[in-house]
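Here is a sequence together with a model predicted from it:
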Amino acid sequence: MAFQRTKTSKLAANELRHINLNGSEVPYTLMRCRRKTIGMRVSSEGLTVRIPMRESLSWVESVLQKRADWIVTKLDEWKNRKPTRPAWEEGAIFPLLGEPWQVTVTADGVQMMQASENARSKDEQPGLSLSSGVAAEQIENAVMKWYRQHALTCFTERIALYANKLGVALPQLRLSSARTLWGSCNSRGIIRLNWRLIQKPLDLVDYVVAHELSHLIEMNHSKAFWQTVGSVYPGYAAARKKLRGIG
């Protein structure tokens, strides 16, 4: 996952295109951005190509043809990869701020308990009320509701903290379900944070919050931007590297 800034539609515009590679029609997302070289990424969502703002389509396609074998191989690997899905069942483990929590089904419904503290009383747990005899779909709905409640509470608190440190107005917060972005900020002052971020340790949540709020001052990734991030989150380089490693 990555970050996205959306100052103008020109910078944020993505274009869906197609190209014939080794006899196969391959769709890809073309993104023009401020960079000096071409970048290619193959994921579960397909091929994404990032290019400098003024490069021609003929140049892009010539590069893709040169890398056709690699692209087609990677796409086939993703196509044949078995999907990993959460186990929506009693005893399943789900992380919250880096700590494991376990699904427990009681007579009162679904409860989320810290995996290392199953002996805690029910009254001490952030419970999820469902009827007994729950199905996988009900457990999924309960866990997702639990995640979103914690995400809204935690993100709101951290945004208030870092907005105060940066001296910026409190922005609007919206939860995102993006597959490739941890967060984004637009010129209207709206911060979007991926709900999945609540699964990560608090230091990584803080980094993403500091990163996106800094865009309210510098709507770019310039040296001045990173200085702004560093002024409120000195360890941003290590956190950035750690998030990239998570993917």
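Cool, got the structure. Not measured: the values here are computed from a predicted model.

Could you use CA atoms for every contact and neighbour count after this?
OK.

I'd like the next helix or strand past the helix or strand L47 falls within.
Under the criterion DSSP states H and E, the helix or strand holding L47 is strand 46-52. Counting by DSSP H and E, the element after strand 46-52 in chain order, helix or strand, is helix 57-66.

what about that next one, average pLDDT?
Average pLDDT, helix 57-66: 92.

Show me which helix runs longest in this structure.
Longest among the helix segments of the chain by residue count, using DSSP state H, is helix 136-166.

buried sites along it?
Across helix 136-166, burial judged by 16 or more other CA atoms under 10 Å covers 138-139, 142-143, 146-148, 150-152, 154-156, 158-159, 162-163, 166.

Who does the host helix or strand of M113 pair with, and is each partner parallel or antiparallel?
M113 is part of strand 109-114, with elements assigned from DSSP H and E. Strand 109-114 has these partner strands in its sheet, going by DSSP bridges: strand 99-106 (antiparallel), strand 128-129 (antiparallel).

returning to what we had before: give the rounded mean pLDDT of the longest helix of the chain.
When pLDDT is averaged over helix 136-166, the result is 93.

Hey, what's the angle from the following helix or strand past it to helix 136-166? Just curious.
Stepping forward along the backbone from helix 136-166, the first helix or strand reached (DSSP H and E) is strand 172-176. Compare the direction of strand 172-176 with that of helix 136-166 by axes from the mean of the first three to the mean of the last three CA atoms, to 10 degrees and you get 150 degrees.

coming back round to it: so how far is the strand holding M113 off the chain centroid?
Shown here is strand 109-114, whose average C-alpha point lies 25 Å from the average C-alpha point of the whole chain (CA atoms, centre = their mean, to the nearest Å).

In this structure, which residue sits furthest out from the middle?
A107 (35.0 Å; CA atoms, centre = their mean).

Model confidence for it, exactly?
So, for A107, pLDDT stands at 70.

Please determine how far it is located from A68.
Separation of A107 from A68 (CA to CA, to the nearest Å): 57 Å.

what's the nearest residue to the residue most central in space within the chain if we skip its chain neighbours?
The C-alpha lying nearest the average C-alpha coordinate of the chain belongs to W182 (CA atoms, centre = their mean; 2.9 Å). Spatial nearest neighbour of W182, chain neighbours left out: N194 (5.1 Å); criterion: CA to CA, 6 or more residues apart in numbering.

Can you list phi and psi of the one you found for me?
Its backbone dihedrals place N194 at phi -70, psi 130, with angles given as degrees, to the nearest 10.

Alpha carbons of the strand or helix carrying A210, as PDB, please.
Secondary-structure assignment from DSSP H and E places A210 in helix 202-214. Output of helix 202-214 as PDB, limited to C-alpha atoms (Å, rounded to 0.1, in the frame of the first residue of the first chain):
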ATOM      1  CA  LEU A 202      -0.200   2.700  17.000                       C
ATOM      2  CA  ASP A 203       3.200   4.100  15.800                       C
ATOM      3  CA  LEU A 204       2.300   3.300  12.200                       C
ATOM      4  CA  VAL A 205      -1.200   4.800  12.600                       C
ATOM      5  CA  ASP A 206       0.500   8.000  13.900                       C
ATOM      6  CA  TYR A 207       2.900   8.000  10.900                       C
ATOM      7  CA  VAL A 208       0.100   7.800   8.400                       C
ATOM      8  CA  VAL A 209      -1.900  10.500  10.300                       C
ATOM      9  CA  ALA A 210       1.100  12.800  10.400                       C
ATOM     10  CA  HIS A 211       1.800  12.200   6.700                       C
ATOM     11  CA  GLU A 212      -1.700  13.000   5.500                       C
ATOM     12  CA  LEU A 213      -2.100  16.000   7.800                       C
ATOM     13  CA  SER A 214       1.200  17.400   6.600                       C
END
